[in-house]
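Engineer: Have a look at this prediction, sequence included:
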Amino acid sequence: MDRNESKIEANKVAWGKLAEDHYKHFKALLSREEFKLNPILQNVS
């Protein structure tokens, strides 16, 4: 694996961790009753 491929793989891992963190954060917020999605987003499925 060359240097650029190594950087690409590291970037994929970093974005994956960021996405997981966002998912956990917003899942926790949505599990509380006082936090609701925008009505436009609620209708998208």
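Structural biologist: Cool, got the structure. The shown structure was predicted, so the numbers you read here are calculated from the model rather than taken from an experiment.
Engineer: all contacts plus neighbour counts: C-alpha atoms, from now on.
Structural biologist: OK.
Engineer: and residue 32, how far is that from residue 24?
Structural biologist: Separation of residue 32 from residue 24 (CA to CA, to the nearest Å): 13 Å.
Engineer: Just the element for residue 6, please.
Structural biologist: Using DSSP states H and E, residue 6 sits in helix 3-31.
Engineer: I'd like the mean pLDDT over the following helix or strand past that helix, please.
Structural biologist: As assigned by DSSP H and E, the chain's next helix or strand after helix 3-31 is helix 39-42. When pLDDT is averaged along helix 39-42, the result is 79.
Engineer: What about residue 30, how many residues nearby?
Structural biologist: For residue 30, the number of neighbouring residues by other CA atoms under 10 Å comes to 13.
Engineer: now it, nearest residue through space, not along the chain?
Structural biologist: residue 36 (6.4 Å; CA to CA, 6 or more residues apart in numbering).
Engineer: For that neighbour, what are phi and psi?
Structural biologist: phi -130, psi 150 (degrees, to the nearest 10).
Engineer: Verify the stated contact: it with residue 28.
Structural biologist: No. Residue 36 lies out of contact with residue 28 (CA atoms under 8 Å); the separation is 11.5 Å.
Engineer: Output the lowest-mean-pLDDT helix or strand in the chain as CSV, restricted to C-alpha atoms.
Structural biologist: Among the helices and strands of the chain, helix 39-42 carries the lowest confidence by mean pLDDT, DSSP states H and E, at a mean of 79. What follows is helix 39-42, C-alpha atoms only, in CSV (Å, rounded to 0.1, in the frame of the first residue of the first chain):
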residue,chain,number,x,y,z
PRO,A,39,-41.4,18.2,10.6
ILE,A,40,-39.9,18.1,7.1
LEU,A,41,-37.4,15.4,8.1
GLN,A,42,-40.1,13.4,9.9
